[in-house]
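Colleague: fold the following, please.
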Amino acid sequence: MKRMKRALMGISTMLVMTTALAACGGNSNSNSDSNSSPSPTTSTATASEAPATNDGKKVTINLWSFTDEIPNMTKKYLETHPDANVEFKTTVIATTDGAYQPALDQALAGGGKDAPDIFAAEAAFVLKYTQGDASSYAANYADLGLDDQLVKDAGIAQYSVDIGSKDGQLKALGYQATGGGFIYRRSIAKDVFGTDDPAAIKNEVGPGWDKYFAAADKLKAKGYAIVSGDGDIWHAIENSSDKGWIVDGKLHIDPKREAFLDFSKKLTDNGYSNGTQDWQEAWYADMSGTGPKPVFGFFGPAWLINYVMNGQVKDTNGDWAVTEPTTGFFWGGTWLLANKDVTKDDAKKQAVADFIKWVTLDTSETGLQYYWANGTMKEGEQGTKDSVASSVVMSKSNGEVPLLGGQNMFEAFVPANANATGKNLTQYDESINLIWRDQVRAYASGSKSREQALKDFKQTVTDQLGIESE
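Modeller: Numbers count the residues shown, from 1 in each chain. Modelled structure (predicted):
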């Protein structure tokens, strides 16, 4: 394990576009464009006409993030909390070329007045800060006065709690919820299944992969692909497995993840997909219906609808719907953590706790999540709606979106969030997933045998990360 940790720390983290989009999905609700430069940017937001407390000095909160999404939330916070005696000093370092984590780690280790008081971590690397090598820097939410009852009262999805907890102590929560649904074309559903009703379609594509591939046969008979490429089912498989990549310090291949080899090849050999790779032009083309075969659907959270498909669907806009997926899963997300050192200063501790609570646990109509869910971050302007961590907030919010033909997407995403699991992640997932996907593609294309793909996967993980196989 020591070698594993040294290897991991030495690897430049390569962040693929999937997690980047998941993390910055709410930019349509923010007040400026995302910072895409790996160079840090700093700014200060201050509450106006705040009462003088703490000897007349404002409490300065150092906030670190990898997009401007959370920094922009501070502006809304100060707008809705005019009496808050606080100012935010924000540092944004993009994940480009793996720049964010090393800078954050150095700042946390250095400590002092310039250390991050609140910092963000996304799904690709959040476990490093909640449960892994850097978890000792994070305060327990309970020590900030944010107890389990607040979490229960807000109806926070359990997967998000599990990811943000270590040894039963909550250290991080998100504002988005990224439980995945199955997003499908209404016109194709009517042609093949005789209905586009989400309640009926969820029973055509699941539960379970046997039903999913039976649906693929029906779609193929009418000239349709069930998905664009194997990446469209990977996240559903990865995040529904019983165990993660590392068990007792060894590389473990969960049977559900190993089945992805066979599913990928099945999609290829039977012509159930267009053979695309996610985040490439052919994948986007399938969203607009201009690929070789019309594609029935995509697996993904609300952010895939709002921030990816929304710009790609073109003539298929309004011809989509979302239903519960073949298996419960989540994909992406951003969590907020507090530096444990903020608990040493009562004024800072309270200021940090108040902001984190407003972002992650406030279910009122002036809480961040209500604005986020309803696309009302800017007064008088309709922004992008998004699935949020609190089921209580979504139950009283309007999730109707034009891309889905006016369907209230929250009706599908509330159960999707509840059915996701966060107990199969490790802090090494980002690197291992890249290696795994490469080997699966090689097998599905016929360039490697199944046995060779598995052998090469295990050897590459050992060579790159120092992790031996079971």
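
Colleague: state the number of residues packed around the closest residue to residue 399 other than its chain neighbours.
Modeller: Of all residues not flanking residue 399 in the chain, residue 410 sits nearest, at 3.5 Å (C-beta to C-beta, 6 or more residues apart in numbering). Where you see a C-beta, it was placed from the backbone N, CA and C, and this is true even at glycine. Counted with other C-beta atoms under 10 Å, the neighbours of residue 410 add up to 28.

Colleague: and residue 410, what does it touch?
Modeller: The neighbours of residue 410, taking C-beta atoms under 8 Å, 6 or more residues apart in numbering as the test, are 373, 387, 394-395, 397, 399.

Colleague: what about stretch 278-298, average pLDDT?
Modeller: When pLDDT is averaged over stretch 278-298, the result is 96.

Colleague: most neighbours of all the contacts of residue 410, which one?
Modeller: residue 387 leads those on contacts (other C-beta under 10 Å) with 31 neighbours.

Colleague: strands along the stretch 1-150 of the chain, start to end?
Modeller: For the stretch 1-150 of the chain, strands defined by DSSP state E, counting those that start in this stretch occupy the ranges 41-46, 59-65, 86-92, 118-122.

Colleague: touching the second one from outside, list them.
Modeller: The reference is to strand 59-65. So strand 59-65 is contacted by 70-71, 74, 85-93, 104, 107, 114-120, 347-348, 351-352, 355 (C-beta under 8 Å, 6+ apart).

Colleague: residue 320 pairs with what?
Modeller: residue 185 (DSSP bridges).

Colleague: tell me the pLDDT of it.
Modeller: 98.

Colleague: any idea how far residue 187 is from it?
Modeller: 10 Å (C-beta to C-beta, to the nearest Å).

Colleague: which one's more surrounded, these two?
Modeller: For residue 320 versus residue 187, neighbours defined as other C-beta under 10 Å are more numerous around residue 320 (25 against 14).

Colleague: contacting residues for that one?
Modeller: If a contact means C-beta under 8 Å, 6+ apart, then residue 320 has 183-186, 305, 309, 313, 403-405 as its contacts.

Colleague: are any of those buried, and which?
Modeller: 183-186, 305, 309, 313, 403-404 (16 or more other C-beta atoms under 10 Å).

Colleague: quick one: the residues you listed as a markdown table, columns for pLDDT and distance to residue 326 too.
Modeller: Shown next, in a markdown table, are the buried ones among the contacts of residue 320 (pLDDT from 0 to 100; distance: C-beta to C-beta, whole Å):
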| residue | pLDDT | distance to residue 326 |
| --- | --- | --- |
| 183 | 98 | 12 |
| 184 | 98 | 12 |
| 185 | 98 | 16 |
| 186 | 98 | 19 |
| 305 | 96 | 17 |
| 309 | 97 | 19 |
| 313 | 96 | 22 |
| 403 | 97 | 21 |
| 404 | 97 | 19 |
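
Colleague: so how far is stretch 278-294 from its chain's centroid?
Modeller: Distance of stretch 278-294 from its chain centroid, counting by C-alpha atoms, centre = their mean, to the nearest Å, is 22 Å.

Colleague: show the pLDDT at residue 34.
Modeller: 33.

Colleague: which one of the strands of the stretch 1-150 of the chain has the lowest average pLDDT?
Modeller: Across the strands of the stretch 1-150 of the chain, the lowest-scoring stretch is strand 41-46, with a mean of 60.

Colleague: how much space between the residue nearest to residue 399 and residue 204?
Modeller: 22 Å.

Colleague: relative to residue 386, how far out is the most centrally placed residue in the chain?
Modeller: Residue closest to the mean C-alpha point of the chain, counted by C-alpha atoms, centre = their mean, is residue 332 at 1.5 Å. Residue 332 sits 12 Å away from residue 386 when distances are taken as C-beta to C-beta.

Colleague: coming back round to it: most tightly surrounded among the strands of the stretch 1-150 of the chain?
Modeller: strand 118-122 (a mean of 26; mean count of other C-beta atoms under 10 Å).

Colleague: partner strands of it and their direction?
Modeller: According to DSSP bridges, strand 118-122 forms sheet pairs with strand 59-65 (parallel), strand 334-338 (antiparallel).

Colleague: skipping adjacent residues, who's closest to residue 402 in space?
Modeller: Using C-beta to C-beta, 6+ apart, the nearest residue to residue 402 is residue 318, at 6.0 Å.

Colleague: burial count for the one you found?
Modeller: As a burial measure, residue 318 scores 15 neighbours (other C-beta under 10 Å).

Colleague: could you do the one 10 residues further on as well?
Modeller: Number of residues near residue 328 (other C-beta under 10 Å) recorded here: 21.

Colleague: tell me if I'm right that it and residue 421 touch.
Modeller: Yes. Residue 328 is within contact range of residue 421, at 6.7 Å (criterion: C-beta atoms under 8 Å).
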